[in-house]
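J.: no letters, just coordinates:
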């Protein structure tokens, strides 16, 4: 499988294509959002490096379409863009991006982030996780509750997997940020809280028994028992 670069600026696209190829990756390049989305749907793709400012279909729209598609929802996406405002980074992560890097950037950092995302994989010693009536097939990346299939994006699955494999442990927002996104977040951002809310809508809201709980002032916990308050926002925890 190849890394797909979706970048319309010719010099940047050529630089990324050459640099990643020289770093040992198989690489493809798409110059428009629509072309990139079509390639992701039609060809095996290990990871996508995505610009925001693209002609016709911008990066936000491409990501939303990727996360909505069953065949593309799991593909890791790294935003590489000149848009450096905090709200842009938050928007990208809330839409389901796995990482966000601002231009200008150090190429060695880009490669390191790509390798980190590609290293993420199932925990082989625990291929099936069960918590209450929820079953997580780690290898197939499938989730069921009470026998019903729950469709998650790649980011949502990573978050649920982290909570589930550390069942009963209260995880702080900072820990979740570092484990799921490999990034540190300022204490005034609500990216983690928003991600947990989206996950709850799929995992908990349709079912009477809740599995994801809030421990105020501490963080979040996943357990079949009464792990604390369900809903609300966890206060920042280190």
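T.: Thanks, I have the structure now. From a predicted model like this one, the values you see are computed outputs, not experimental measurements.

J.: for the residue nearest in space to the middle of the chain, give its distance to residue 51.
T.: Nearest residue to the geometric centre of the chain (CA atoms, centre = their mean): residue 155, 2.8 Å. From residue 155 over to residue 51 the distance is 19 Å, taken as CB to CB, to the nearest Å. Placement of C-beta: from N, CA and C, glycine included.

J.: the residue nearest to the centre of the chain and residue 195 touch, don't they?
T.: Yes: using CB atoms under 8 Å, residue 155 is in contact with residue 195, at 7.0 Å.

J.: and for these two, which residues touch both?
T.: Residues touching both residue 155 and residue 195 by CB atoms under 8 Å, 6 or more residues apart in numbering: 93, 180.

J.: residue 46: what's it in contact with?
T.: Residue 46 neighbours (CB under 8 Å, 6+ apart): 1, 2, 3, 26, 75, 76, 118.

J.: can I get these in JSON lines with pLDDT, neighbour count and secondary structure?
T.: Converted to JSON lines, the contacts of residue 46 look like this (pLDDT from 0 to 100; neighbours: other CB atoms under 10 Å; DSSP: H, G, I helix; E, B strand; the rest coil):
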{"residue": "1", "pLDDT": "68", "neighbour count": "12", "secondary structure": "coil"}
{"residue": "2", "pLDDT": "89", "neighbour count": "17", "secondary structure": "strand"}
{"residue": "3", "pLDDT": "95", "neighbour count": "24", "secondary structure": "strand"}
{"residue": "26", "pLDDT": "92", "neighbour count": "12", "secondary structure": "coil"}
{"residue": "75", "pLDDT": "91", "neighbour count": "20", "secondary structure": "coil"}
{"residue": "76", "pLDDT": "93", "neighbour count": "21", "secondary structure": "coil"}
{"residue": "118", "pLDDT": "89", "neighbour count": "14", "secondary structure": "helix"}
